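A.B. asks: Quick one, what's the 3D model for this:
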Amino acid sequence: MLSVTATELARNFRTMLDRVEFKHEELIVIRNNHEVARIIPGPATMTALEAMANIYRTLPDEAASGWLKDSRRAENGLKDEVRDPWAS
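C.D. replies: Coordinates of the predicted model:
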């Protein structure tokens, strides 16, 4: 945790936010010798590929093997048309 004065934060705002975002540091803002705020990193983000990379590990064994077989079938390949996923 890094303690900074309100004046120092104002003068170096971009640098301080970069430390929070990229280095995942927490800032404590001090004004008149009192802690007035904490700036903490936001939740981590990931790409869709990262999110889906290990989805098969979350499935029960029988569902995972069925999903793998279904995903490899040629007749279930991707279609060129766009379909409504909510249509029954």
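A.B. asks: Near L2, how many residues? Count them for me, please.
C.D. replies: If you count neighbours by other Cβ atoms under 10 Å, L2 ends up with 13. Bear in mind the C-beta positions are built from the backbone N, C-alpha and C, glycine included.
A.B. asks: Look up how far V36 lies from it.
C.D. replies: Separation of L2 from V36 (Cβ to Cβ, to the nearest Å): 15 Å.
A.B. asks: Ok, R73 next?
C.D. replies: In terms of Cβ to Cβ, R73 sits 60 Å off from V36.
A.B. asks: Next: K23.
C.D. replies: On the measure of Cβ to Cβ, K23 and V36 end up 22 Å apart.
A.B. asks: Over to T47?
C.D. replies: On the measure of Cβ to Cβ, T47 and V36 end up 36 Å apart.
A.B. asks: for H24, same thing?
C.D. replies: According to Cβ to Cβ, H24 stands 22 Å off from V36.
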